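J.: one predicted model, sequence on top.
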Amino acid sequence: MKAMMTSIKLQKKLHFTMQQRIISDGYGMRGKSKWIVEAIESFLKLDDYPTLADIACDMDQLTEVISIRLPDILMSKMDKAIIEVRRHYPAMEGVKSNLIRASIMQRLIREATSVTEQ
């Protein structure tokens, strides 16, 4: 399976929270890309993902740079998602980064709420 390296910036607190969750979910430190790939795949299945990507635009203080490996199959799904987001928000900058950031945030939020609901 071919994969492409990409980098995004995160807020320090979001990065820390994500690292804690990756470890507590049992992925280990080498499982970061796998965890993020799963987050992106489930995020792109949401009907309102363009709106959620737009919300991620408002993040500031993006000081932490993380690198991740994304499979080619996911990259082509993301290319389609970028076109879809641009259709709704033509002026948005950094659509791919916003999609990844929003995916991470949604996985953290949705899994936190699903845990508390049990």
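T.: Okay, I see it.
J.: all strands of this protein, in order?
T.: With DSSP state E as the criterion, the chain has strands at 3-11, 62-71.
J.: counting by contacts, list what the shortest one packs against.
T.: Put plainly, it is strand 3-11. For strand 3-11, the packing partners by 3 or more CB pairs under 8 Å, 6 or more residues apart in numbering; DSSP states H and E come out as strand 62-71, helix 72-88, helix 95-117. (C-beta placed from N, C-alpha, C; glycine too.)
J.: let's see 6 Å
T.: strand 62-71 (3 or more CB pairs under 6 Å, 6 or more residues apart in numbering; DSSP states H and E).
J.: now the angle between helix 95-117 and the strand it packs on, please.
T.: Strand 62-71 runs at 90 degrees relative to helix 95-117, counting by axes from the mean of the first three to the mean of the last three CA atoms, to 10 degrees.
J.: pull the number of nearby residues for residue 98.
T.: Using other CB atoms under 10 Å, residue 98 has 24 other residues around it.
J.: that older thread, nearest to residue 41, out of the strands of the chain?
T.: strand 62-71 (9.7 Å; CB to CB).
J.: CA atoms only for the closest one, dumped as PDB, please.
T.: Written as PDB, here are the backbone C-alpha positions of strand 62-71 (Å, rounded to 0.1, in the frame of the first residue of the first chain):
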ATOM      1  CA  LEU A  62      -1.200  26.400  15.400                       C
ATOM      2  CA  THR A  63       2.200  25.800  16.900                       C
ATOM      3  CA  GLU A  64       2.600  22.000  16.800                       C
ATOM      4  CA  VAL A  65       3.600  20.400  13.500                       C
ATOM      5  CA  ILE A  66       2.800  16.700  13.100                       C
ATOM      6  CA  SER A  67       3.700  14.500  10.100                       C
ATOM      7  CA  ILE A  68       1.400  11.700   9.100                       C
ATOM      8  CA  ARG A  69       1.300   9.000   6.400                       C
ATOM      9  CA  LEU A  70      -1.900   8.900   4.400                       C
ATOM     10  CA  PRO A  71      -2.700   5.900   2.100                       C
END
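J.: that one vs strand 3-11, what angle?
T.: 160 degrees.
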